[in-house]
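[1] Have a look at this prediction, sequence included:
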Amino acid sequence: MYQRVLFATDGSAFAEAALADAIELARMAGGEMRVVTVVEAPAFHGTPEATVLYETELYRSLLEELEKIARAAVERGVYQARARGVQCSTAIRHGLPADEILAEAKEWRANAIVLATHGRSGLGRLFVGSVASKVVHHATCPVLLHRVTPAE
């Protein structure tokens, strides 16, 4: 049933807590897993004169560092999946996290998506936004949310 499990990670401890769920889902189904992460370019707020930042070495260095973090996040997922006998591949995408997770799920033809949620509600969710909420509302396949509790 769940032969193609997409695990979305941002490399955080919250996401790592959901990794075991994704691996187990793929393992029980005898399926495969793909670990995806999204590099989101830092938002820039400032005067038009200050947009020079985008053309600087500092900005390019920041993007390179975000790429390194993304590679490390997907590599950790692959290592753990393969250690449990699950075939696994990776994808690093660029853009808005929810949009890119949904696009990867569609392109890879995922049967299920697994990701963590911080469980924010009310104003916290309004101001921070919710990648998990957008994925749940727009995914064309089942989504398993691992709600992270403070004890984790």
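    Okay, I see it.

[2] In the protein, where is pLDDT below threshold?
    Applying pLDDT under 70 to the chain picks out residues 43-55, 118-129, 149-152.

[3] just checking, what packs against the helix or strand hosting residue 25?
    If you go by DSSP states H and E, residue 25 is part of helix 13-29. Other elements packing on helix 13-29 under the criterion 3 or more CB pairs under 8 Å, 6 or more residues apart in numbering; DSSP states H and E are strand 4-8, strand 32-39, helix 57-83, strand 112-117, strand 143-147. Yep, even glycine has a C-beta here, placed from its N, CA and C like the rest.

[4] any idea how far the first one is from the chain center?
    Meaning strand 4-8. Relative to the centre of its chain, strand 4-8 is centred 9 Å away, using CA atoms, centre = their mean, to the nearest Å.

[5] and that strand, which strands flank it?
    Applying DSSP bridges, strand 4-8 is found paired with strand 32-39 (parallel), strand 112-117 (parallel).

[6] Of those, which is nearest residue 20?
    In terms of CB to CB, the element of the strands paired with strand 4-8 nearest to residue 20 is strand 112-117, at 9.6 Å.

[7] would you turn the helices and strands packed on helix 13-29 into JSON lines with distance to residue 18 and mean neighbour count?
    Shown next, in JSON lines, are the helices and strands packed on helix 13-29 (distance: least, CB to CB, whole Å; neighbours: other CB atoms under 10 Å):
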{"stretch": "strand 4-8", "distance to residue 18": "7", "mean neighbour count": "28"}
{"stretch": "strand 32-39", "distance to residue 18": "11", "mean neighbour count": "24"}
{"stretch": "helix 57-83", "distance to residue 18": "10", "mean neighbour count": "15"}
{"stretch": "strand 112-117", "distance to residue 18": "4", "mean neighbour count": "24"}
{"stretch": "strand 143-147", "distance to residue 18": "3", "mean neighbour count": "17"}
